[in-house]
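J.: 3D, please:
(chains A, B, C and D)
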Number of protein chains: 2
Amino acid sequence: MDLQLLRTFTAVARAGSFSAAARELGYTQSAVSQQIAALEAALGGVPLLTRRPVAPTSAGARLLEHAEPLLLRADAARADVLRAAGAPPDHLRVAACPLALPRLAAAVGEATAARPRLDVTISVAARDEVAVDVARGAAELGLAAGIAAPGDPLRLPDVGPLRAIGIATDAVSVVLPADHPLAARQGLRLPDLADARWLDAPAFGAALADVRRATGSEHLQHCVRYQGADVTGLLELVAVGAGLTLLPPWAVAAHPGVVAIPVTAPQLDYRTELLSGVGANPGPAGQAVTELLTAGA
Amino acid sequence: MDLQLLRTFTAVARAGSFSAAARELGYTQSAVSQQIAALEAALGGVPLLTRRPVAPTSAGARLLEHAEPLLLRADAARADVLRAAGAPPDHLRVAACPLALPRLAAAVGEATAARPRLDVTISVAARDEVAVDVARGAAELGLAAGIAAPGDPLRLPDVGPLRAIGIATDAVSVVLPADHPLAARQGLRLPDLADARWLDAPAFGAALADVRRATGSEHLQHCVRYQGADVTGLLELVAVGAGLTLLPPWAVAAHPGVVAIPVTAPQLDYRTELLSGVGANPGPAGQAVTELLTAGA
DNA sequence: GCTCTTTACGGTCTGCGTAATCATA
DNA sequence: TATGATTACGCAGACCGTAAAGAGC
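T.: Got it, this is the predicted structure:
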């Protein structure tokens, strides 16, 4: 199974058209048609796509599920090899979850004070995207944050070997609208909130899967998904009753309309990890930032 | 990056010789040499192997770490597609961890009583191998067992989408030699045992990584690794002081020379999960066994 | 000097593009 | 009928095997 065929297959499935995928990939229609035929032949003649309309068959859907991680890992492998062989970069790129930014800002500020010529790009992304960026070499360092049981590492997508160092753990609070019946409590047990509506906020490490594990509720509620990276927006959604979320209390501060109640059970940490390539040399700037970030831990 | 080149690369690295790898793969020496050269060229001209002696460079070592999971996932993808398209098999193959065998035996026994023509192959493997076997299609069903925090799923190697259903949780005990100073205790806290020698017994879901997470000890002791699938052998090792291990108390029974002390902290479950392909139809036999196994949960 | 890898070269096969054909809305 | 996928065909490049050359112990 050639990865190039897989790439073409995903493009066709995504575009819903051979011709559109061909344009996207710089092939002719004919070439794409032949590649799909070759892929189907290589897989025992199983049809992967229905034609007209073009849509994945059930077998094709299964393949699609595998394709993205496969291509991602292939990219990660290439990036890893190039990192191991190449010279350390002079420009530092850091991908970070929104709630890791204060710590990152502190470290970068200190580093720039020490070495004025520092050249850093910071990009904000959800936890999984941070891991992906580091794995693909789009960033030298990553700061991922999210909810984990005490002592557990974050559950990052499997993008191959990554070095992950825990640099901080904060407490976890439930963020509720101020007029919520439980808003006056001193502490809350998550299993008691298993039936609540939860916001799905992957950028803040409070993705639905995390919440479900923490609350122990099997069925996941239909809920609002917040793709933004801005805490204020998330808190606004909580304030208007779109759902609850889990955050470290300092992130809520004194936002009007919401309150943060400590979680008493189960024991949870809001954990921040520093991600980097296993064999990578992040360069002098990356080294400096790494040391500053890990020093606090 | 062609997967075939990667396969050849791993063979060369494993064999430590171009010619040996060529014989193994059915190529000529020359073809292997050209494939390696092509792979190095595709990766920006980075040398992946030193020649004479043939050994991976640091970049090659990074690639090797990616290669196995990549090839594994590719196999899993192929198996998944074929499962989705093919007819359900009439022969049922089950891969199971040793400590899941009693439950499996009960279910298979009941199933064979109901349908005498049942055709089942059972193979015993470590937890990770069970997951790999199911993913690659070498088994229709898998029974994986191991230690997890309450509510957490087992930490299986990422081999793509697998359906995992928890079918049982048992208590966890520390298995100690009978003459151990702590052998008379009623219960034990694992953090107090962080400095103990632990056996590394991956087949029993007590791999070192699990133990380290459970005990909270960062440094992993040099220890004895037990690759066997036989509980008696493992208990013998404990009896002679080779190290401790974590098992459900029923597995220890009345084995001479060892005692099982319940773990009081942290909270741990010995969890058994039933694994199957996501879109797979396990066939009538698999269906029957699945129902019997999940009925108890 | 011997073993093992690399390079050179020729044949075959794959894979893409052009263009014609076919199927479907 | 028009859009879009498939098939036919020719050519360029990839890939493997044979054989000669080169490199390291």
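J.: only C-alpha atoms from now on, for both contacts and neighbour counts.
T.: Fine.
J.: could you find the closest non-adjacent residue to A:Asp200?
T.: A:Arg225 (4.4 Å; Cα to Cα, 6 or more residues apart in numbering or on different chains).
J.: ugh, wrong one, A:Gly166
T.: The shortest distance from A:Gly166 to any non-neighbouring residue, by Cα to Cα, 6+ apart, is to A:Glu273 (4.3 Å).
J.: checking that neighbour next. Helix, strand or coil?
T.: Following DSSP: H, G, I helix; E, B strand; the rest coil, we place A:Glu273 in the strand state.
J.: and if you look at A:Pro150?
T.: Strictly by three-state DSSP, A:Pro150 counts as coil.
J.: and the helix of greatest length in chain A, does that touch DNA strand D?
T.: Ordering each helix of chain A by length in residues (DSSP state H) puts helix A:58-85 first. No: using Cα under 7 Å from any atom of the strand, helix A:58-85 stays clear of DNA strand D, coming no nearer than 13.7 Å.
J.: tell me what that helix is packed against?
T.: Counting contacts by 3 or more Cα pairs under 8 Å, 6 or more residues apart in numbering or on different chains; DSSP states H and E, helix A:58-85 is packed against helix A:3-15, helix A:127-136, helix B:58-85.
J.: of all those, which gets the most neighbours per residue?
T.: A comparison of the helices and strands packed on helix A:58-85 by mean neighbour count, using mean count of other Cα atoms under 10 Å in any protein chain shown, puts helix A:127-136 on top with a mean of 25.
J.: do that one and chain B come into contact?
T.: No: Helix A:127-136 does not reach chain B (Cα under 8 Å from any Cα of the partner chain); its nearest approach is 11.3 Å.
J.: tell me how far A:Ser123 lies from B:Thr272.
T.: Noted for A:Ser123: a distance of 41 Å to B:Thr272, by Cα to Cα, to the nearest Å.
J.: between those two, who's got more neighbours?
T.: Between A:Ser123 and B:Thr272, counted using other Cα atoms under 10 Å in any protein chain shown, B:Thr272 has the larger neighbour count: 27 against 16.
J.: contact partners for the more buried one?
T.: B:Ala100, B:Leu143, B:Ala144, B:Ala145, B:Gly146, B:Gly166, B:Ile167, B:Ala168, B:Thr169 (Cα atoms under 8 Å, 6 or more residues apart in numbering or on different chains).
J.: which parts of chain A are strands?
T.: Secondary structure of chain A, counting by DSSP state E: strands at A:49-50, A:55-56, A:92-96, A:120-124, A:141-148, A:162-170, A:173-177, A:188-189, A:245-247, A:258-265, A:269-277.
J.: pull the CA atoms of the third one into PDB?
T.: Pointing back at strand A:92-96 there. In PDB, the C-alpha atoms belonging to strand A:92-96 read as follows (Å, rounded to 0.1, in the frame of the first residue of the first chain):
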ATOM      1  CA  LEU A  92      12.400  29.200  17.600                       C
ATOM      2  CA  ARG A  93       8.800  28.200  17.000                       C
ATOM      3  CA  VAL A  94       6.600  27.300  19.900                       C
ATOM      4  CA  ALA A  95       3.000  25.900  19.700                       C
ATOM      5  CA  ALA A  96       1.100  26.300  22.900                       C
END
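J.: which residues of the stretch 151-297 of chain A lie near chain B?
T.: A:Gly151, A:Asp152, A:Asp158, A:Gly160, A:Pro161, A:Arg213, A:Gly216, A:Gly279.
J.: what residues does the stretch 51-200 of chain A put near DNA strand D?
T.: Counting by Cα under 7 Å from any atom of the strand, the stretch 51-200 of chain A sits next to DNA strand D at A:Arg51, A:Arg52, A:Val54.
J.: number of residues surrounding A:Pro88?
T.: Using other Cα under 10 Å, A:Pro88 is surrounded by 17 other residues.
J.: spit out the contact partners of it.
T.: Contacts for A:Pro88 (Cα under 8 Å, 6+ apart) come out as A:Asn281, A:Pro282, A:Gly283, A:Pro284.
J.: so which of those residues is the closest to chain B?
T.: Using Cα to the nearest Cα, A:Asn281 is the member of those that sits closest to chain B, with 12.5 Å.
J.: roughly how far does the residue lying closest to the closest one once chain neighbours are set aside sit from B:Ala59?
T.: Excluding the flanking residues, the one nearest A:Asn281 by Cα to Cα, 6+ apart is A:Pro88, at 5.6 Å. To B:Ala59, A:Pro88 is 14 Å away according to Cα to Cα.
J.: which residues touch the closest residue to A:Ala31 other than its chain neighbours?
T.: Residue nearest to A:Ala31 in three dimensions, not counting chain neighbours: A:Ala22, with 7.7 Å by Cα to Cα, 6+ apart. A:Ala22 sits next to A:Thr28, A:Gln29, A:Ala31, A:Val32 when contact means Cα under 8 Å, 6+ apart.
J.: for the contacts of A:Pro88, which single residue is the most surrounded?
T.: A:Pro282 (24 neighbours).
J.: show me what contacts that one?
T.: Going by Cα under 8 Å, 6+ apart, A:Pro282 touches A:Pro88, A:Pro89, A:Leu92, A:Glu140, A:Leu141, A:Ser276.
J.: need the pLDDT of A:Ser217.
T.: We have a pLDDT of 67 for A:Ser217.
J.: please apply the same query to A:Ala297.
T.: Per-residue confidence (pLDDT) for A:Ala297: 55.
J.: now swap in A:His222 and tell me
T.: At A:His222, pLDDT is 64.
J.: which residue does the stretch 101-250 of chain A have closest to DNA strand C?
T.: Relative to DNA strand C, the nearest point of the stretch 101-250 of chain A is A:Arg136 (24.2 Å; Cα to the nearest atom of the strand).
J.: ok now do the spatially closest residue to that residue that is not a sequence neighbour, which residues does it touch?
T.: In space, and not counting its chain neighbours, A:Arg136 is closest to A:Ala76: 4.4 Å by Cα to Cα, 6+ apart. Each residue near A:Ala76 by Cα under 8 Å, 6+ apart is listed here: A:Ala135, A:Arg136, A:Gly137, A:Val159, A:Gly160.
J.: again, but for A:Val263
T.: A:Val263 sits in contact with A:Val172, A:Ser173, A:Val174, A:Gly187, A:Leu188, A:Arg189, A:Leu190, where contact means Cα under 8 Å, 6+ apart.
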